[in-house]
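generate coordinates for the sequence data below:
(one chain, ligands or ions: 2)
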Amino acid sequence: MPVINGKVIDILFTEEAIARRNAEMAAEIAAAQPRNLLVLPILKGSFVFAADIIRALYRANVAPEVEFITVSSYGAGLTSGAVRLLHNIQSRIEARDILLIDDILESGKTLHFVADLLRQQKPRKLALAALLDKPMCRKTAIEADYVGFTCPDKFVVGYGMDAAHAFRQLPFIGTLRD
Ligand code: IMP
Ligand code: MG
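Ligands and ions are numbered 1, 2, ... in the order given. So this is what the prediction gives:
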């Protein structure tokens with residue numbers, strides 16, 4: 001069991017399991033034959049996942065462009081109350097295929113907010129990918145087209161995801177033992 005910043009981490013998803021699943025997801029994304037694909041990670045939480053997915057897409061012969069969108073949730077809570085746009089995309093997405101990427105789909109408010117914003121620009125196709133899905137926490141009617149793993153209703157860290165700005169560097173995903 002790794003100990004980081006004095007905290008014991010119980011591993012839920014290993015580096016190897018994540019890599020295997022990313023390759024499968026990239027194959028699913030490729031099978032949908034995206035055209036002029038723009039991969040759009042939601043920062044910050046999804047940056048590690050997105051970096052691995054675009055390289056898995058390379059191995060699946062998909063050549064996307066990449067842009068970023070940054071949002072933040074109001075309130076200090078773990079997940080969003082209201083969502084606020086901090087950094088918007090710079091290019092036009094009209095008539096393009098967009099793959100919107102987030103780390104976790106929980107209440108659904110984050111993906112719902114960003115997806116709504118993007119739909120106003122009339123993309124040809126908007127697909128949603130989330131590495132982790134906590135379907136038991138949903139408060140908005142939204143599902144992802146591509147899901148890495150169903151996650152138990154626990155607060156997780158690592159692989160881009162943080163607790164108070166720490167633990168993003170972990171190559172695996174786990175929970176903090178208290
Ligand atoms: P939603 O808007 O409730 O779907 O929450 C999604 C966002 O909350 C994600 O983008 C994460 O940044 C954050 N989040 C939700 N659950 C966790 C968790 O277990 N660990 C770290 N961040 C989380
Ligand atoms: Mg996030």
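
confirm that residue 117 sits in a strand.
No - read with DSSP: H, G, I helix; E, B strand; the rest coil, residue 117 is helix and lies in no strand.

that one against residue 84, yeah?
No - if you go by Cβ atoms under 8 Å, residue 117 and residue 84 don't touch, sitting 11.4 Å apart. Every residue, glycine included, has its C-beta placed from N, CA and C.

between these two, point out the one with more neighbours.
residue 117 (16 against 11; other Cβ atoms under 10 Å).

setting aside sequence neighbours, what's the nearest residue to the more buried one?
For residue 117, ignoring the flanking residues on the chain, the nearest one in space by Cβ to Cβ, 6 or more residues apart in numbering is residue 85 at 7.0 Å.

residues contacting the most centrally placed residue in the chain?
When Cα atoms, centre = their mean is applied to the chain, the residue found nearest the centroid is residue 102 (2.0 Å). Going by Cβ atoms under 8 Å, 6 or more residues apart in numbering, residue 102 touches 41, 42, 45, 46, 110, 111, 114, 128, 129, 130, 131.

in this protein, which helix is the longest?
Taking DSSP state H as the assignment, the helix of the chain that covers the most residues is helix 15-31.

which helices and strands sit right next to that one?
helix 47-59, strand 125-133, strand 146-150 (3 or more Cβ pairs under 8 Å, 6 or more residues apart in numbering; DSSP states H and E).

sorry, back to before: before we move on, which element is the residue nearest to residue 117 in?
strand 83-87 (DSSP states H and E).

mind checking how far that strand is from the chain centre?
16 Å (Cα atoms, centre = their mean, to the nearest Å).

same for that strand, what does it pack against?
Against strand 83-87 (3+ Cβ pairs under 8 Å, 6+ apart) you get strand 69-73, helix 109-119.

and these as JSON lines, adding mean pLDDT and distance to residue 6?
Converted to JSON lines, the helices and strands packed on strand 83-87 look like this (pLDDT from 0 to 100; distance: least, Cβ to Cβ, whole Å):
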{"stretch": "strand 69-73", "mean pLDDT": "90", "distance to residue 6": "27"}
{"stretch": "helix 109-119", "mean pLDDT": "96", "distance to residue 6": "30"}
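
this completes my enquiry, with thanks.
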